[in-house]
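Asker: Below are the sequence and a predicted model for it; my questions follow.
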Amino acid sequence: MSELCALLVFGAMLAWWPERSGHRLGRPAPALVRRPQRMRLVPALVAGVLTVALAGGLISGGRGAVLGLAAGAGAAVIVWTVARERRRANRDRVQNEVARGSSELAALLRAGHSPGRALVLVGDASTVFAEVASHQRVGGPAVEALRRTSTRAGCEAMGALAAAWQVSERTGASMTTSLEDLSDNLNAERELGRTVTTELAATRLTGRLLALLPAVGLALGYVVGGDPLAYLTGSEPGLGCLAVGTALAVVGVVWSEKLADRAGRLR
């Protein structure tokens with residue numbers, strides 16, 4: 001029991017161990033890339049699972065540790081899946097806003113507005129272009145603002161907009177044709193993305209349903225007159241089966257989500 005508790009404490013310490021300063025010094029200054037500050041989710045979830053397992057072990061020995069590990073792992077995979085869905089939805093929303101803003105920018109240029117004025121008008125109606133429009137209002141370099149914005153999740157296409165803007169500034173060429181082509185490509189990519197997302201929805205759902213099959217098996221065990229929970233939680237073989245089954249279910253969900261993400265990459 002003491003060895004198990006020591007192992008859980010060591011795992012929690014590794015999950016929460018701060019990054020070494022030498023690694024941080026080798027990175028670019030974070031002030032120039034204003035990414036949203038987000039807690040490292042996976043280490044936090046791992047630490048939470050180990051903490052719950054450790055608490056269960058202190059309360060009820062090896063049985064409590066296995067039960068805590070199973071409960072914590074189930075809750076962690078649910079939190080992880082929900083967080084990924086939210087990030088995916090936010091990324092899709094930002095990509096749609098970038099595509100819509102590019103289309104509006106091209107339309108304003110066709111209508112005779114100057115690039116700076118068109119960018120300000122688009123920034124007034126779009127949160128994604130708001131920072132770039134603010135730089136334009138005060139006379140700041142729009143190209144640098146566009147490049148900074150392109151580092152954010154879902155805004156990668158603004159890097160092409162920055163390139164077109166820079167070429168126009170250096171050569172005096174019109175950006176209308178470049179923006180129209182960019183807008184057409186983004187709209188086509190949006191349609192393809194919707195199709196891929198729809199096709200992969202069934203795959204994601206199947207992987208998540210497979211993780212629930214053990215619960216269905218437990219229910220069937222009670223239907224036929226057995227008591228599977230008493231065996232899983234009251235005997236060493238049962239606890240071993242519970243630990244292995246929970247691990248396989250978690251790995252299955254993570255694996256299916258990763259496969260769907262890889263299949264859904266457009267570029």
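Answerer: Looks like it came in fine. The model shown is predicted, which means the values in this text are computed figures rather than measured ones. Numbers count the residues shown, from 1 in each chain.
Asker: show me where pLDDT drops low in this structure?
Answerer: Counting by pLDDT under 70, the ranges of the chain that qualify are 1-39, 264-267.
Asker: try 50
Answerer: Confidence mapping of the chain against pLDDT under 50 gives the ranges 1-10, 12-38, 267.
Asker: Packing partners of the helix or strand hosting Ala215?
Answerer: Taking DSSP states H and E as the criterion, Ala215 maps to helix 176-223. Counting contacts by 3 or more Cβ pairs under 8 Å, 6 or more residues apart in numbering; DSSP states H and E, helix 176-223 is packed against helix 41-110, helix 158-171, helix 228-234, helix 236-264. In short, each C-beta sits where N, CA and C put it, glycine included.
Asker: For my notes, please list those in JSON lines and give distance to Thr127 and mean neighbour count for each entry.
Answerer: Listed next are these as JSON lines, based on distance: least, Cβ to Cβ, whole Å; neighbours: other Cβ atoms under 10 Å:
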{"stretch": "helix 41-110", "distance to Thr127": "7", "mean neighbour count": "18"}
{"stretch": "helix 158-171", "distance to Thr127": "13", "mean neighbour count": "18"}
{"stretch": "helix 228-234", "distance to Thr127": "50", "mean neighbour count": "15"}
{"stretch": "helix 236-264", "distance to Thr127": "25", "mean neighbour count": "15"}
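Asker: Minimum distance to Leu192: which of the ones you listed has it?
Answerer: helix 236-264 (10.3 Å; Cβ to Cβ).
Asker: how big is the angle separating that closest one from helix 41-110?
Answerer: Put simply, helix 236-264 runs at 20 degrees to helix 41-110, going by axes from the mean of the first three to the mean of the last three Cα atoms, to 10 degrees.
Asker: Tell me how far Leu69 lies from Ala247.
Answerer: Distance from Leu69 to Ala247, counting by Cβ to Cβ, to the nearest Å: 9 Å.
Asker: rewinding a little: now render the helices and strands packed on helix 176-223 as a markdown table, adding distance to Leu220.
Answerer: Output for these, formatted as a markdown table (distance: least, Cβ to Cβ, whole Å):
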| stretch | distance to Leu220 |
| --- | --- |
| helix 41-110 | 19 |
| helix 158-171 | 53 |
| helix 228-234 | 9 |
| helix 236-264 | 15 |
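Asker: Can you list the buried residues in the helix or strand His135 falls within?
Answerer: Assigned by DSSP H and E, His135 belongs to helix 130-137. For helix 130-137, a neighbour-count test (16 or more other Cβ atoms under 10 Å) marks Glu131, Val132, Ala133, His135, Gln136 as buried.
Asker: For Leu179, state which of those is nearest.
Answerer: Ranked by distance to Leu179 (Cβ to Cβ), those are led by Val132 at 13.9 Å.
Asker: contacting residues for that closest one?
Answerer: Applying Cβ atoms under 8 Å, 6 or more residues apart in numbering to Val132 gives the contacts Leu119, Gly123, Ala142, Ala145, Leu146, Thr149, Met158.
Asker: Kindly confirm whether my reading is correct that the third one touches Arg117.
Answerer: No: taking Cβ atoms under 8 Å as the definition, Ala142 is not a contact partner of Arg117, at 11.8 Å.
Asker: Compare neighbour counts for those two and give me the winner.
Answerer: Ala142 (20 against 13; other Cβ atoms under 10 Å).
Asker: so what's that one up against?
Answerer: Gly116, Leu119, Val132, His135, Gln136, Trp165.
Asker: Leaving out chain neighbours, which residue sits closest to the second one?
Answerer: Right, the one you point to is Leu119. Nearest residue to Leu119 in three dimensions, chain neighbours excluded: Gln136, at 5.1 Å (Cβ to Cβ, 6 or more residues apart in numbering).
Asker: Tell me how far the one you found lies from Phe129.
Answerer: In terms of Cβ to Cβ, Gln136 sits 10 Å off from Phe129.
Asker: what do these two both touch?
Answerer: Common neighbours of Gln136 and Phe129 (Cβ under 8 Å, 6+ apart) are Leu119, Gly123.
Asker: Pull the contacting residues for Gly64.
Answerer: Ala55, Gly56, Gly57, Leu58.
Asker: Tell me how far the second one lies from Val250.
Answerer: Read it as Gly56. On the measure of Cβ to Cβ, Gly56 and Val250 end up 17 Å apart.
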